[in-house]
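Visitor: A structural model of the following input is requested.
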Amino acid sequence: MRLPEHLRSHLKKPLGILVPDSDVTKSSIESSIPKDALVITVGDATTEKMLALGFVPSLQIVDALEKRNKRDLPVGQTETVLTCTNPAAEITEQSISVIRKALSMTFPVRIIVDGEEDLLVLPVAVHAPDNSVILYGQPNEGLVIVHLTEEVRNRAKSLMDSMS
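Guide: A predicted model of the protein is given here:
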């Protein structure tokens, strides 16, 4: 699935609550995430920030890139590492399959993407269980915290259905 030009502006609107970078603290995150939630991070900086704050995300999706520049992968303990290929501005069937597989495994699981992981927030929102909280970065703005609801799931599915 390829992201058409006309959908790009829809993706600039966060799927959840945008927390400015200056307000992202251990206590602000703890108060935003229910104790029994499945925590999923999409993005290297987001994953690294959560690990630095003492959280171990159940599912971590990273690509060793930050704002399209090469970087080291976040350092953190994971039970399993999976890989997939996902070019920029696309969502591949392989990525969707690997996300679904990862969600059925013993956590924590890390998916290392060859390509770009940005759009993988969408299939995560479609396939993750209801008690999930998805965290991802909004470039130059902050951290988006998405409490997975039917409304969020439907919006993500609608966006994916609009991609060809």
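
Visitor: for burial, what's the neighbour tally of the nearest residue to D36 once chain neighbours are set aside?
Guide: Using C-beta to C-beta, 6 or more residues apart in numbering and skipping residues adjacent in sequence, the residue nearest D36 is N131, 6.0 Å away. Where C-beta positions appear, they are placed from N, C-alpha and C, glycine not excepted. N131 sits with 11 neighbouring residues when counted by other C-beta atoms under 10 Å.

Visitor: please name the residues that touch the most centrally placed residue in the chain.
Guide: The residue lying closest to the centre of the chain (C-alpha atoms, centre = their mean) is V42, at 2.4 Å. Going by C-beta atoms under 8 Å, 6 or more residues apart in numbering, V42 touches I61, E117, D118, L120, V121, V124, I134, L135, Y136.

Visitor: ok so the fifth one is a helix residue?
Guide: Yes: the assignment for V121 by DSSP: H, G, I helix; E, B strand; the rest coil puts it in a helix.

Visitor: that one and L7, how far apart?
Guide: The spacing between V121 and L7, counted by C-beta to C-beta, to the nearest Å, is 14 Å.

Visitor: who has more neighbours, the two?
Guide: V121 (25 against 13).

Visitor: who touches that one in this structure?
Guide: L15, V42, I134, Y136, V146, A156.

Visitor: make it 7 Å
Guide: Contact analysis of V121 by C-beta atoms under 7 Å, 6 or more residues apart in numbering lists L15, V42, I134, Y136.

Visitor: what's opposite the second one in the beta bridge?
Guide: V42 has these beta-bridge partners by DSSP bridges: I61, Y136.

Visitor: now do the contacts for E79.
Guide: Contacts for E79 were tallied using C-beta under 7 Å, 6+ apart; they are T106, F107, P108, V109.

Visitor: let's see it at 10 Å
Guide: Counting by C-beta atoms under 10 Å, 6 or more residues apart in numbering, E79 touches V56, S58, M105, T106, F107, P108, V109, R110.

Visitor: returning to that earlier point: S95: which of the contacts of V42 is nearest?
Guide: Ranked by distance to S95 (C-beta to C-beta), the contacts of V42 are led by L120 at 5.8 Å.

Visitor: what touches both of V121 and L7?
Guide: Common contact partners of V121 and L7 (C-beta under 10 Å, 6+ apart): L159.

Visitor: rewinding a little: tell me if I'm right that the residue nearest to D36 and L148 touch.
Guide: Yes: in this structure, N131 is within contact of L148 by C-beta atoms under 10 Å, at 7.6 Å.

Visitor: now the helices for this protein?
Guide: For the chain, applying DSSP state H gives helices covering 8-11, 26-32, 44-52, 93-103, 121-127, 150-161.
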